[in-house]
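> Give the three-dimensional model of this entry:
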Amino acid sequence: MKLVFSLLLTLATLLAGTGIAVAAPTSTAPQTQAVKTAININTADAQTLALNLDGVGTVKAQAIVDYRKANGPFATTADLRKVKGIGERTIEINKANISVQ
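Next up, the predicted model:
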């Protein structure tokens, strides 16, 4: 019994040194991915904007809401450029996540 244990330990040590690993069994359960819903910049509150838009924190999110209250709804997503602190890059990285309705 000691010999078998010793052989198994030696084999495991050798395999660990070579980078060969035994793969863990994979699950046969279907994989699900979260589907992101586009955020309507005309109705979302500041917290929702900050949580869902990359590069938009609480200050920029509040600026979006304040601009919308002062100037009315956005006609296009490109109108976000009119908000202080929101640039072309922010709009570009979020274009799939924003909508106007």
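
> tell me the contacts of Gly57?
With Cβ atoms under 8 Å, 6 or more residues apart in numbering as the criterion, the residues that contact Gly57 are Ala50. Where you see a C-beta, it was placed from the backbone N, CA and C, and this is true even at glycine.

> Flag the shaky bits of the protein, pLDDT-wise.
2-36 (pLDDT under 70).

> Could I get the full set of strands for it?
39-40, 98-99 (DSSP state E).

> Tell me which of those is the most buried.
strand 98-99 (a mean of 18; mean count of other Cβ atoms under 10 Å).

> other SSEs contacting that strand?
Strand 98-99 makes packing contacts with strand 39-40 when contacts are defined by 3 or more Cβ pairs under 8 Å, 6 or more residues apart in numbering; DSSP states H and E.

> Can you give the contact residues for the strand it packs on?
Residues contacting strand 39-40 (Cβ under 8 Å, 6+ apart): 48-49, 52-53, 97-101.

> Apply 6 Å and report the result again.
52, 97-99, 101 (Cβ atoms under 6 Å, 6 or more residues apart in numbering).

> Ok, stretch 72-92 next?
41-42, 55, 60, 63-64, 67, 98, 100.
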